[in-house]
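> sharing a model that was predicted from the sequence below.
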Amino acid sequence: MTAAMADIVAVRVPERTWRSEAQAVTTVWRRDLIRFAGNRAQVMMWLIQPLLFLFVLGSGLQSLSAGSTDGVDLKTFMFPGVLCVAVLFTAMISAASLVWDRELGFLREMMIAPVSRTSIVIGKCLGGTTIAASQGVIVLALAGLVGVPYEPMLLLGAFGLLVLLAFTVSAFGVLVAVTIKQAQSFTWVMQLAVFPMFFLSGALYPVSGLPTWLGALNRLDPLTYAVDPMRRLVFNHLDVSESARRTLDAGVTWWGWHLPQVFDVGMVLLLGLAMMGVAIRRFSRTE
Amino acid sequence: MSRSTPPGIEVADLVKSYDEVDAVRGVSFTVPPGEVFGFLGPNGAGKSTTINMLCTLAKPTSGAARVSGFDVVSQRDDVRRHIGLVFQDPTLDGYLTAEQNLRFHAELYGIDPGVVPARMDQMLKMVDLADRRDKPVMTFSGGMRRRLEIARGLMHSPRVLFLDEPTIGLDPQTRSSIWRYIRALQETEGTTIFMTTHYMDEAEFCDRIAIMDRGEIVVLDTPEALKASVGADRVALGTADNDAALAALEDHFGIEATVAEGAVTFHVDSGEAFVPRVFAELDVAITSVAVSRPTLDDVFMRYTGTTIRDAETGGVADQNRAMMRAMAGAKR
C-alpha cells in the first residue's frame, strides 16, 4: 500500500465561480437522470394511471357522452388533459427524491459540498423537468391512437407546454420537499394537494358551465392554466364543428374575460419561478 | 513545518445554544496541521454539535472557529473546499455505483476532470474496492460502505478530515484497515484528522485527545500524559455486596470507590501490594479481583465519572442529556 501511496495523484478544489456553480447544477441534474435510467420501470408506473383515464375511462364513458360532444371522441377531448396529468404525477414523484435524499442521508453529501444551495435546488428542478417532460413525450407519441394528428406545430407547441408544466410542478415538488422533513408526509401531499389539483383542473371535463363552487375552485387551481392552453392548442389542429369547439374548448374565463394563451403560459412560468425562489430561500437557511 | 501552514483547526470560546439548552458551552482548542486529534465524550456531550459548527453545517451562537485558516462563518465556502467528512450515518447514494458516487463528488467539488480517473483509482485501491467499482452501493456491506465513504471524503484531498465514529459497528479487521488508511493518509498528504470515537483502544492511536462532557472540554492532552495523570493502578473487585464494600473501603482506607460495569472500582498507587490488605481487612466476600495499569478508560472515567460503555447504555443523567440533545435536534 505504501508503494501505491508514494506517488499520490494531487488534486485541488478550485475557488467557486459561476462556472463551477453551473457544473454543480449539471451534476445534480445528471444524477437524477442516472437514477431515472436505472429505475425507469418505477417511474413508468406513474404513466399507468393517466393511460387508464385516457383509454379505459375515455372508452367506457364514450357511449354516455356521445350525444353531447358533437361527434368528438371523448379520448380525443381528454388527451390534452391526460398529457398534463402524466407530467404532474411524474414531476411530483421526481421531486420526492429530495425527501428520500434527506431520509437516506445523501442530502448531507450535497449540503456540505462547496456549492451554493441555489445550484442544488436548480439542478433538482431541472432533473424533475427533464424526467417529467420525457414522460409527457411518451404520452404525446400516442396522439394518433386518439385521433390527434401528428402535425409538427402541434407537437412542438405541446412539447413546449409539457416542459413548462414539468418545470413548474417540479419547482412545487422541490418546495414541498425542502419544507417537509419526513418521507411519509409526501404521501399526504399527494393525497391532499396533487389529486385535488388534478380533479379540479378540468383535465377530464370542459370548464364552462360548471356549478359555481366548482368553477371557482377550478379557477384557483394552477393546473387549470396549463390544461387550458394545451387543450386550445390541440383543438386548433382538430377538424371539429364550431358548436363542439364551443362546448369542449370553451376556454378559461375570469368574470367573462377569456384568458389568452400567452397569459396562461406566463402565469404558469411565473408561478414556477416564484416557487423555485422560495425553495431556494428555505433550503439556504443554516441552522 | 513551514510558517505559512495554518493550524488545522483553531477554536476560541465556541458556544452553541438551542433555545434553553446550551449544547456547547465555550470550548477552545487548537489542532496543529497533520495531527490526529481524538474527540471523546458521552452521548450528548456536544461532540456532534461541535463538528457541525466546524464543518459549517451549524452556525455558532458565539465564539469563533477557523478550519485550515478559514473562518467557519465568514469564509464558509473556503472551509468547505478544504475539508472532508465521513459521517456516522451513511450518506452514499445506494442506486449509484461506487464509481458514480465518487464521480458525483469530484464534479461537485470542481476537481479537474483530467485527474479524476487516476485519483479515483488510487482511492478505490486504498480502500480495497477497486474490483467493486461498477457495483451499485446498495449491494455493499456496512464495512464496504464505510470504506467507500472514506475514499469519497478523500477524493478532493482535504486538508482536514472529519471522521464521526468512522469505525462504529465494524468488525475488528475492517477497523484496523481503516486505521491503516488514516495513518497512511496523514503521512502522505499531511492531512489533519479530527475524529470522534467510542473505542478507547482506538483513541490510543490519536496524537492528542480531548474529552468533552456536558458541553465543555474537561481535559486535553496526549494519551500518555492523560494516563499518567490518572497515575494510579485500577483495582476492580467483584463482591457479594457492592454497597457494603463501598462503605468498608471508605471506612478502612479512606478510598472513594465507584461501581463501574458491576465491579467496585478504585485507584491506588500500587495495586498488587494493596490487594492483600483488602482481603485482610474487608469483611465483605470478594469474588474476583482485577488490577490493571491505567488505560484511557480510566482517564475517561476520572474526567466524566462514567466509563464510556456505561455512558453508552446510559444512566439517568445521560438519558436526560440524550433527551435534551434530541429536543435540540428536533428544533433544527
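Happy to help now that I have it.
> and the residue nearest the centre of chain A, what pLDDT?
In chain A, the centroid-proximal residue (CA atoms, centre = their mean) is residue A:166; its distance is 2.9 Å. At residue A:166, the model reports a pLDDT of 97.
> how near is it to chain B?
Per CB to the nearest CB, to the nearest Å, residue A:166 is found 22 Å from chain B. Every C-beta, even on glycine, is put in place using the N, C-alpha and C of the backbone.
> give me every residue that touches that residue.
A:87, A:90-91, A:128-133, A:136 (CB atoms under 8 Å, 6 or more residues apart in numbering or on different chains).
> of the residues you listed - the most surrounded one?
residue A:87 (35 neighbours; other CB atoms under 10 Å in any protein chain shown).
> now the stretch 101-250 of chain A against chain B: closest residue?
residue A:114 (3.7 Å; CB to the nearest CB).
> quick check: closest non-adjacent residue to that residue.
Nearest non-adjacent residue to residue A:114, counting by CB to CB, 6 or more residues apart in numbering or on different chains: residue B:80, 3.7 Å away.
> quick one: the helices in the stretch 1-150 of chain A?
A:2-6, A:18-38, A:40-51, A:58-65, A:74-104, A:106-111, A:117-140 (DSSP state H, counting those that start in this stretch).
> could you dump those helices to JSON lines with mean pLDDT?
As requested, the helices of the stretch 1-150 of chain A are exported to JSON lines (pLDDT from 0 to 100):
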{"stretch": "helix A:2-6", "mean pLDDT": "46"}
{"stretch": "helix A:18-38", "mean pLDDT": "93"}
{"stretch": "helix A:40-51", "mean pLDDT": "83"}
{"stretch": "helix A:58-65", "mean pLDDT": "84"}
{"stretch": "helix A:74-104", "mean pLDDT": "92"}
{"stretch": "helix A:106-111", "mean pLDDT": "92"}
{"stretch": "helix A:117-140", "mean pLDDT": "95"}
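> wait, what's in contact with the residue nearest to residue A:241 when sequence neighbours are not counted?
Spatial nearest neighbour of residue A:241, chain neighbours left out: residue A:70 (5.3 Å); criterion: CB to CB, 6+ apart. Neighbour list for residue A:70: A:240-241, A:243-244, A:247-248 [criterion: CB under 8 Å, 6+ apart].
> can you name the residues of chain A that neighbour chain B?
Residues of chain A lying near chain B by CB under 8 Å from any CB of the partner chain: A:1-2, A:4-6, A:8-16, A:20, A:23-24, A:26-28, A:31, A:34-35, A:38-39, A:101, A:104-115, A:286-287.
> and which of the contacts of residue A:70 is nearest residue A:161?
Residue A:161 has its nearest neighbour among these in residue A:248, at 18.1 Å by CB to CB.
> what about the closest one, neighbour count?
By other CB under 10 Å, the residues close to residue A:248 number 21.
> same question, the one 5 residues further on
Residue crowding around residue A:253 was assessed by other CB under 10 Å; the count is 13.
> quick check: it touching residue A:259?
Yes - Residue A:253 sits in contact with residue A:259 when judged by CB atoms under 8 Å, with a separation of 7.0 Å.
> quick one: the helices in the stretch 151-287 of chain A?
Residue ranges of the helices in the stretch 151-287 of chain A, as given by DSSP H, counting those that start in this stretch, are A:152-179, A:183-189, A:195-200, A:212-220, A:224-236, A:242-248, A:261-284.
> buried ones in the fourth one?
Within helix A:212-220, the residues that qualify as buried are A:215, A:217-219, counting by 16 or more other CB atoms under 10 Å in any protein chain shown.
> ditto for the fifth one
Of all the residues in helix A:224-236, those buried under the rule 16+ other CB under 10 Å are A:224-235.
> skipping adjacent residues, who's closest to residue A:118 in space?
residue A:280 (5.0 Å).
> could I get the contacting residues of that neighbour?
Going by CB under 8 Å, 6+ apart, residue A:280 touches A:117-118, A:121-122.
> for the residues you listed, pick the one with the most neighbours.
The residue in these with the most neighbours, by other CB under 10 Å, is residue A:121 (27 neighbours).
> how much space between the closest residue to that residue other than its chain neighbours and residue A:87?
The spatially closest residue to residue A:121, leaving aside those adjacent along the chain, is residue A:280, at 4.8 Å (CB to CB, 6+ apart). Remark: distance between residue A:280 and residue A:87 (CB to CB, to the nearest Å) = 22 Å.
> residue B:224 now?
Distance, residue B:224 to residue A:87, by CB to CB: 66 Å.
> put the alpha carbons of stretch B:156-174 into CSV.
Provided in CSV are the C-alpha atoms of stretch B:156-174 (Å, rounded to 0.1, in the frame of the first residue of the first chain):
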residue,chain,number,x,y,z
HIS,B,156,-10.7,16.1,-3.1
SER,B,157,-7.5,15.8,-0.9
PRO,B,158,-8.9,17.7,2.0
ARG,B,159,-6.6,19.4,4.4
VAL,B,160,-8.7,18.5,7.4
LEU,B,161,-10.7,15.3,7.5
PHE,B,162,-13.5,14.9,10.0
LEU,B,163,-14.4,11.4,11.0
ASP,B,164,-17.5,11.0,13.1
GLU,B,165,-17.3,7.5,14.6
PRO,B,166,-15.7,6.1,11.5
THR,B,167,-15.4,2.6,12.8
ILE,B,168,-18.6,2.2,14.8
GLY,B,169,-20.3,-1.1,14.2
LEU,B,170,-17.5,-2.5,12.1
ASP,B,171,-15.7,-5.8,12.6
PRO,B,172,-12.1,-5.6,14.1
GLN,B,173,-10.5,-6.4,10.7
THR,B,174,-12.2,-3.6,8.9
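> for residue B:58, helix, strand, or coil?
Following DSSP: H, G, I helix; E, B strand; the rest coil, the label given to residue B:58 is coil.
> tell me if residue B:212 really is in a strand.
Yes - assessed with three-state DSSP, residue B:212 lies in a strand.
> so what's it up against?
Contacts of residue B:212 by CB under 8 Å, 6+ apart are B:27, B:39-41, B:45-47, B:50, B:218.
> distance of it from residue A:268?
In this view, residue B:212 and residue A:268 are 53 Å apart by CB to CB.
> close to chain A: what parts of the stretch 151-300 of chain B are there?
Applying CB under 8 Å from any CB, one finds that the stretch 151-300 of chain B approaches chain A through B:152, B:155-157, B:180, B:184, B:187-189.
> just the buried ones from those residues?
Neighbour-count burial (16+ other CB under 10 Å) applied to these gives B:152, B:155-157, B:184, B:189.
> in helices only, show me those residues.
Counting by DSSP state H, the part of these found in helices is B:152, B:184, B:189.
> can you tell me which helix or strand the residue nearest to the first one when sequence neighbours are not counted belongs to?
When the adjacent residues along the chain are set aside, residue B:152 lies closest to residue B:105, with 5.1 Å between them (CB to CB, 6+ apart). Residue B:105 is part of helix B:98-108 when elements are defined by DSSP states H and E.
> flag every buried residue along that helix.
Quick answer for helix B:98-108 (16+ other CB under 10 Å): B:98-108.
> quick one: mean pLDDT for it?
Taken as a whole, helix B:98-108 has a mean pLDDT of 96.
> also stretch A:260-272?
95.
> my guess is residue B:215 meets residue B:48, correct?
No - look at residue B:215 against residue B:48 with CB under 8 Å: they stay out of range, at 11.8 Å.
> which residues touch residue A:74?
Taking CB under 8 Å, 6+ apart as the criterion, residue A:74 is in contact with A:58-59, A:61-62, A:65.
> and residue B:38, its phi and psi?
Dihedral pair for residue B:38: phi -100, psi 140, per degrees, to the nearest 10.
> okay, now the closest residue to it other than its chain neighbours: neighbour count?
Distance criterion CB to CB, 6+ apart; nearest residue to residue B:38, sequence neighbours excluded, is residue B:206 at 3.4 Å. For residue B:206, the neighbour count with other CB under 10 Å is 22.
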